[in-house]
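> Okay, sequence plus prediction incoming.
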Amino acid sequence: MAEAKSLPRRHGGRFWIAAVLLPVALAVLVSLGTWQVNRLIWKQDLLQSIEERRQAEPLDIAGLEAALARGEPVDYRAARASGTFLHDKERHFFATFAGQSGFYLYTPMELGDGRFLFINRGFVPYDRKEAASRPESLVAGQQAVTGLARARLDEKPSFIVPENDETGNVFYWKDIDRMAASVGLPEGAVPPFFLDADATPVPGGLPRGGVTVIDLPNSHLQYAITWYGLALALVGVSLFAWMRRKS
């Protein structure tokens, strides 16, 4: 008899625990959904801003530096530069392009004011890393390049990225300071950004320009629907349980 009396109390205790936890769980799920909506708005604004920068009239080096001074982003900004390539100082960034392993050529360009801008001239296959294997790529004299400016990286993007091999001239992340120092460029003589060359054909076909990849996943709407859907399901299950208890 005592056991029979304790059964309703036990069920009643469970009901009140669920009644307390339900609003908390619901608030968490709705908050996560709302956070994803806010992230969606932010990501859409970012993608629109990048597209506007890509389509804008190209800035020269002075224009890019002025934009930075105003606090404006220069990443993916249409840009142009002219000068002379220092092919003996090119740096090699390990990369894959169109399913092929190889390197992006980061070559210093000596500008008219005596400074040096690193140009990502594009991709060469793994077996064409050394300049001697592609003499036609060593264009001489004054050159003009258009493309997209890329912001510098102040630190390695992830702990899983290997350390740069400066001795072997293989870079795994774009450390502009070490690229410059490893080829003896004067400190402070390199603007704090790169320039990715566009796909304008070059003699011999190498390097292949236009390698900039803009890959910013935008799955926030899917995540928001998932969190809101779980919240709705929780409400539905709770209502069903309450109705069964009342019957």
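Alright, I've got the coordinates. For clarity, every value in this text was computed on a predicted model and none was experimentally measured.
> residue contacts, Asp165?
171-172 (Cβ atoms under 8 Å, 6 or more residues apart in numbering). C-beta: built from backbone N, CA, C; applies to glycine.
> switch to numbering from 147
With 147 as the first residue, the last one maps to Asp311.
> hey, what's it bridged with?
Val316 (DSSP bridges).
> pLDDT value on it, please?
Looking at Asp311, its pLDDT is 96.
> which element follows the lowest-mean-pLDDT helix or strand in the chain toward the C-terminus?
Lowest by mean pLDDT, DSSP states H and E among the helices and strands of the chain is helix 148-201, with a mean of 75. Using DSSP states H and E, the helix or strand that follows helix 148-201 in sequence is helix 207-215.
> Wasn't Gly330 part of a strand?
No. Counting by DSSP: H, G, I helix; E, B strand; the rest coil, Gly330 is not part of a strand but coil.
> for it, what are its contacts?
Per Cβ under 8 Å, 6+ apart, neighbours of Gly330: Lys235.
> I'd like the distance between it and Val336.
Separation of Gly330 from Val336 (Cβ to Cβ, to the nearest Å) stands at 12 Å.
> same thing with Gln289?
In terms of Cβ to Cβ, Gln289 sits 18 Å off from Val336.
> Neighbour count: those two, which is higher?
Val336 (20 against 17; other Cβ atoms under 10 Å).
> so where does the residue nearest to that one when sequence neighbours are not counted fall, helix or strand?
Residue nearest to Val336 in three dimensions, not counting chain neighbours: Ala326, with 4.6 Å by Cβ to Cβ, 6 or more residues apart in numbering. For Ala326, the element it lies in under DSSP H and E is helix 322-328.
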